[in-house]
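sequence below, structure please.
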Amino acid sequence: MTDQEFNDKQDKLLAPVPQEFRSAISYHAYEQGHSAGNNEIIIHLSDLVDALLQPIQEFEKRITTEAYNRKQQ
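Numbers count the residues shown, from 1 in each chain. Just a heads-up that it's a prediction; the model follows:
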């Protein structure tokens with residue numbers, strides 16, 4: 001896998017993740033997989049995004065609702 005292919009796959013996987021979480025998720029994937037190469041990093045990145053995306057989206061929904069409710073008070 002070329003560096004460009006790696007970057008493209010990483011960007012695609014991280015696209016639905018809020019910017020604030022991307023570097024932490026990328027770092028964990030790199031730490032877990034870099035010794036086995038870029039394909040392994042992508043596998044770990046995919047697993048992390050799959051595991052974290054729903055809780056992150058639920059958190060975003062909750063804080064948006066809480067902010068809206070505060071404005072209404």
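
which residue ranges form the strands in this protein?
With strands called from DSSP state E, the chain shows none.

shaky segments in it?
Along the chain, the model assigns pLDDT under 70 to no residue.

ranges for the helices of it?
Remark: helices of the chain, listed N- to C-terminal, are 3-14, 19-33, 38-72; assignment by DSSP state H.

could I get these in TSV, plus columns for mean neighbour count?
For glycine as for every other residue, the C-beta is placed from the backbone atoms N, C-alpha and C. Rendered in TSV, the data for those read as follows (neighbours: other CB atoms under 10 Å):
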stretch	mean neighbour count
helix 3-14	14
helix 19-33	14
helix 38-72	13
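
with adjacent residues omitted, what lies nearest to I42?
In space, not counting the residues next to it along the chain, I42 is nearest to K9; the distance is 5.3 Å by CB to CB, 6 or more residues apart in numbering.

again, but for H34
Counting by CB to CB, 6+ apart, H34 lies nearest to I41, which is 5.9 Å off, once chain neighbours are set aside.

follow-up on the earlier one: does the residue nearest to I42 touch I41 like I think?
No - applying CB atoms under 8 Å as the test, K9 and I41 come out as separate, 9.3 Å apart.

how much space between A29 and I56?
A29 sits 15 Å away from I56, going by CB to CB, to the nearest Å.

can you tell me how far Q72 sits from E66?
Summarising the geometry, the distance separating Q72 from E66, computed by CB to CB, is 11 Å.

for Q32, that is, sorry about that
With distances defined as CB to CB, the gap from Q32 to E66 amounts to 33 Å.

A15 too?
Distance of A15 to E66, computed by CB to CB: 26 Å.

A51 now?
With distances taken as CB to CB, A51 is found 24 Å from E66.

what does E20 give?
The spacing between E20 and E66, counted by CB to CB, is 17 Å.
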